[in-house]
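Peer 1: How does the following fold in three dimensions:
(2 chains)
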Number of protein chains: 2
Amino acid sequence: MRCSQAFLPVLKESPTDAQIVSHKLMLRAGLVRQTAAGIYAWLPIGLKVLRKIEQIVREEQNRAGAIELLMPTLQSADLWRQSGRYDAYGPEMLRIRDRHEREMLYGPTNEEMITALFRDEANSYRDLPRTLYHIQWKFRDEVRPRFGVMRGREFLMKDAYSFDLDEAGARQSYYTQLLAYLRTFQRLGIRAVPMKAASGPIGGDLSHEFIVLAPTGESEVFYDAEYEAVDWGRGDLQHGDAAGLQSMFDQISRTYAATDETHDEARWADVPATRQRTGRGIEVGHIFYFGTKYSAAMNFRVPGPDGQMITPHMGSYGVGVSRLVGAIIEASHDDAGIVWPDSVAPWAVGLVTMRGDDTASAAAADDLYAKLTAAGVETLYDDRDGRGGAKLASMDLIGLPQQLIIGPRGLAQGVVELKDRRTGEKQELSIESALARLTA
Amino acid sequence: MRCSQAFLPVLKESPTDAQIVSHKLMLRAGLVRQTAAGIYAWLPIGLKVLRKIEQIVREEQNRAGAIELLMPTLQSADLWRQSGRYDAYGPEMLRIRDRHEREMLYGPTNEEMITALFRDEANSYRDLPRTLYHIQWKFRDEVRPRFGVMRGREFLMKDAYSFDLDEAGARQSYYTQLLAYLRTFQRLGIRAVPMKAASGPIGGDLSHEFIVLAPTGESEVFYDAEYEAVDWGRGDLQHGDAAGLQSMFDQISRTYAATDETHDEARWADVPATRQRTGRGIEVGHIFYFGTKYSAAMNFRVPGPDGQMITPHMGSYGVGVSRLVGAIIEASHDDAGIVWPDSVAPWAVGLVTMRGDDTASAAAADDLYAKLTAAGVETLYDDRDGRGGAKLASMDLIGLPQQLIIGPRGLAQGVVELKDRRTGEKQELSIESALARLTA
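Peer 2: Residues are numbered from 1 along each chain as shown, chains lettered A, B, ... in the order given. Sure, this is the predicted structure:
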């Protein structure tokens, strides 16, 4: 993308109405603009990051055998009356009347709808187990929306729902999603620790929150350093390996992690002092097993192998896709701006001419841009006139992993500068070496 | 995808509540389910098709230099008061009050929001021209939603908006979108004819509808057979070539095409009889130039090169992405079911074992499935037990372009059957030849 043909508004000043760093940076770097309280438009850079996160979430759901569909944003109130939640849900539910005065709502979650959909199609035990998911906009009418997309009202969520014939099956589905989540966060380039939630909706040990570690996080966290060593993508962890998943779950259950809400000083004291880690974190996902709560309320039963009717056991698994954009920035930024992990960077390379009006620089940069693009390297090319210093500051703010900088003096000696955004390390390289490095 | 692990509900009976063939087939083949009046959940097959259409629309928008962003579904009423449309828009606008009694609405279109967004960021004439687009769910509270996704209430639309410094520039932006639309429909495998709309919102010749030809279409159409011969993807038509685009536009303006609403018998009589084509069609897109209507109302001005303030000229360009799923089916089906064009088929190949309980068949099919998948050929594999005849009927209904059929008898002789869904032509081939054909 050439900046001269793009829509990349960058703010020089730090916006005064933003309280947290991710919100400030998302406004300054032009990721989002607020269009109403807690409602945001995603500008081109923000949308690119959002789509990359969404795609990683999707790939890990698919790898875990979950099946994608797409439910609508608006739901009928009648559906929620079947579960009893229409009256129970508070003012965070945005209630709507259509032109025929039918009661509707903007979905804050989809347990009722997915249960009704799957109930109406599943004919027998042979149609289970299944985990279905969608990635769709939701609405929660927060009384005081704040912190940008971290606590907005209209937000993008991946929510999955599992249907099993019994609790043992539901546990396997839960473990499978647990692993999918850990892999998702690892691929997103952030460290997320699973923490047993204060109490699941039906008690038991099957409810976890996922907390991204970020110095500016909303809650205090305590965890065992063993979490820092785990590679959730390693080959011996396999979806479909029941014993392996059980063992992973047991290991997680044994390894301490808690927020200030659930912190247990006695158990904490058992963690060797050298392994005690404290910090701050942001919740980015929550998974639940809730048994037959919705299936029973909504009369979902299938005949089993012996003809006896079975009420399926369910779980739900949510991850805040739009919230993750903010959470990743909270976890990965410096004074100059955002520092994107490679996997979600809007472009891999930022190409800058220090003097846009220098013919040789422009020609060299045009050529590099064409070659990088042809090699499939996503490149943002600042081809505008204007001071090199301002362009570099914008690139730092936007946070692309690599900057390729073309100046008239270097060019005269056949060299360009390659800067690593995270470390700040700069290297002078021949054009060929720089190209080879970036297309490797 | 293996059918045994999928969620692909197929109805044997034709649903009685569906009036048109695309709606019937979308229900029977398991593309959608209605969750409230005019509101649909997209089941896995439907979602796959929807995403393929969306991606083709996106690619042609990007090729045309349009820039993607994403605006939210809910908008504030105040924004629409700036243009005067809040009170003017009828009951099709879904009006909402949030918990603080703020007036909001579910966006039926986005002229106001994009004008406000771009206005707030564009600093001078140098920031124009730009065409911005998004692909987002919209809501129109139809009094009597019907025909499935063809006239639903919650629908997916691509809407683009162009901003230019003058009418000449706006015309170029209009021509550019016109070409992008024609290329989009051609890639979708349907014939769409551009028709001058009855009267644009500001008069003039710059408003066109795009009508997909389908025998079951909603309106009668009259057009010159010359449209059947045009290749909109041909190399001499280039975005950015002002003279070429003008000449394309002039050619379209000279070549007759009209719906019954705008049909002109006198001009029709001038079309040579051998080139007169009549038929039925479905509107799938609409483009407008509307000058400074919204920019003036919303006080959007930029300083020009001479310091004089310029009110940008705008156009808007909509295509019904979810409606296209229905329109393509209307244009491409037979008595047995849907016949997907290759570019939007949910999978390229349907692999069927006639006897799922035959070990040799299952082994051969497993092997073919692995090889096709490894070669990147999207394959739906019906690996279930059950009668071969029923499986083949389902494959015909779902409409994948190719069927690869494995039977015990053929297998004993080393052959499988390859069936072309559109022509019905069947061929017996060795496994190797079939594989070579499908991975070519």
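Peer 1: For the stretch 101-250 of chain A, what lies in contact range of chain B?
Peer 2: A:102, A:104, A:106, A:113, A:116-118, A:120-121, A:130, A:132, A:137, A:139, A:141, A:143, A:153-154 (C-beta under 8 Å from any C-beta of the partner chain). (C-beta placed from N, C-alpha, C; glycine too.)
Peer 1: Could you pick out the buried ones from these?
Peer 2: Buried by 16 or more other C-beta atoms under 10 Å in any protein chain shown: A:104, A:106, A:113, A:116-118, A:121, A:130, A:132, A:137, A:139, A:141, A:153-154, out of those.
Peer 1: Pull up the gap between the one residue in the stretch 201-350 of chain A that gets nearest to chain B and B:Val149, please.
Peer 2: Closest contact between the stretch 201-350 of chain A and chain B, by C-beta to the nearest C-beta, is at A:Ser322 (10.1 Å). To B:Val149, A:Ser322 is 26 Å away according to C-beta to C-beta, to the nearest Å.
Peer 1: Neighbour count: the two, which is higher?
Peer 2: When A:Ser322 is set against B:Val149 and neighbours are counted by other C-beta atoms under 10 Å in any protein chain shown, the residue ahead is B:Val149, at 29 against 25.
Peer 1: can you tell me which residues contact that one?
Peer 2: Residues near B:Val149 by C-beta atoms under 8 Å, 6 or more residues apart in numbering or on different chains: B:Ser22, B:His23, B:Met26, B:Val32, B:Tyr40, B:Phe155, B:Ser322, B:Arg323, B:Val325, B:Gly326.
Peer 1: for the stretch 201-350 of chain A, which spans come out with low pLDDT?
Peer 2: A:201-204 (pLDDT under 70).
Peer 1: Helices of that one, start to end?
Peer 2: Under the criterion DSSP state H, counting those that start in this stretch, the stretch 201-350 of chain A contains helices at A:226-229, A:242-254, A:265-269, A:293-297, A:321-331.
Peer 1: what about the strands in the stretch 101-250 of chain A?
Peer 2: A:103-106, A:130-139, A:154-164, A:192-196, A:207-213, A:219-224 (DSSP state E, counting those that start in this stretch).
Peer 1: Now the terminal residues of stretch A:345-355, how far apart.
Peer 2: Across stretch A:345-355, the terminal residues are separated by 25 Å (C-alpha to C-alpha, to the nearest Å).
Peer 1: Over to stretch A:127-146?
Peer 2: For stretch A:127-146, the end-to-end distance is 43 Å (C-alpha to C-alpha).
Peer 1: List the buried residues of it.
Peer 2: A:128-142, A:145.
Peer 1: go on, stretch A:211-227?
Peer 2: A:Ile211, A:Val212, A:Leu213, A:Ala214, A:Gly217, A:Glu218, A:Val221, A:Phe222, A:Tyr223, A:Asp224, A:Glu226, A:Tyr227.
Peer 1: And the furthest pair within these?
Peer 2: A:Glu218 and A:Glu226 (24.0 Å; C-beta to C-beta).
Peer 1: in what helix or strand does A:Ile405 lie?
Peer 2: Using DSSP states H and E, the element containing A:Ile405 is strand A:402-406.
Peer 1: partners of that strand, with directions?
Peer 2: strand A:349-353 (parallel), strand A:415-420 (antiparallel) (DSSP bridges).
Peer 1: deepest of these, which one?
Peer 2: Across these, averaging neighbours per residue (mean count of other C-beta atoms under 10 Å in any protein chain shown) puts strand A:349-353 on top, at a mean of 27.
Peer 1: so what are the domain limits for chain A?
Peer 2: Split into domains by automatic domain parsing, chain A comes to A:3-338, A:349-439.
Peer 1: any idea how far the first one is from the chain center?
Peer 2: When C-alpha coordinates are averaged (C-alpha atoms, centre = their mean, to the nearest Å), domain A:3-338 and its chain have centres 9 Å apart.
Peer 1: What residue in the stretch 251-400 of chain A comes nearest to chain B?
Peer 2: Nearest to chain B, among the residues of the stretch 251-400 of chain A, is A:Arg384, at 8.9 Å (C-beta to the nearest C-beta).
Peer 1: Kindly tell me how buried A:Arg51 is, as a neighbour count.
Peer 2: 16.
Peer 1: ok, it to B:Ile56 distance?
Peer 2: Applying C-beta to C-beta, the value for A:Arg51 to B:Ile56 is 17 Å.
Peer 1: what does A:Ile282 give?
Peer 2: The value you get for A:Ile282 to B:Ile56, if C-beta to C-beta is used, is 37 Å.
Peer 1: And A:Leu128, by the same measure?
Peer 2: Distance from A:Leu128 to B:Ile56, by C-beta to C-beta: 35 Å.
Peer 1: where do the strands sit along the stretch 301-440 of chain A?
Peer 2: Listed in chain order, the strands of the stretch 301-440 of chain A (DSSP E, counting those that start in this stretch) span A:302-303, A:309-310, A:313-320, A:333-334, A:337-338, A:349-353, A:379-382, A:402-406, A:415-420, A:426-430.
Peer 1: Burial-wise, tell me which of the ones you listed comes out on top.
Peer 2: Among those, the stretch with the highest mean neighbour count (mean count of other C-beta under 10 Å) is strand A:349-353, at a mean of 27.
Peer 1: so how far is it off the chain centroid?
Peer 2: For strand A:349-353, the distance to the chain centre is 27 Å (C-alpha atoms, centre = their mean).
Peer 1: Identify all contacting residues around that strand.
Peer 2: By C-beta under 8 Å, 6+ apart, the list of residues contacting strand A:349-353 from outside reads A:361-362, A:365, A:368-369, A:372, A:377-383, A:388, A:391-392, A:395, A:398, A:400-407, A:438.
Peer 1: Which residue would be the closest one in the stretch 101-250 of chain A to chain B?
Peer 2: A:Glu121 (4.0 Å).
Peer 1: Hmm, that residue is touching B:Phe7, no?
Peer 2: Yes - between A:Glu121 and B:Phe7 a contact is recorded at 7.4 Å, counting by C-beta atoms under 8 Å.
Peer 1: Number of residues surrounding A:Glu103?
Peer 2: Residues near A:Glu103, counting by other C-beta under 10 Å: 14.
Peer 1: confidence score at it?
Peer 2: For A:Glu103, the pLDDT comes out at 98.
Peer 1: Which residues are in contact with it?
Peer 2: A:Ser76, A:Ala77, A:Asp78, A:Arg95, A:Ile96, A:Arg97.
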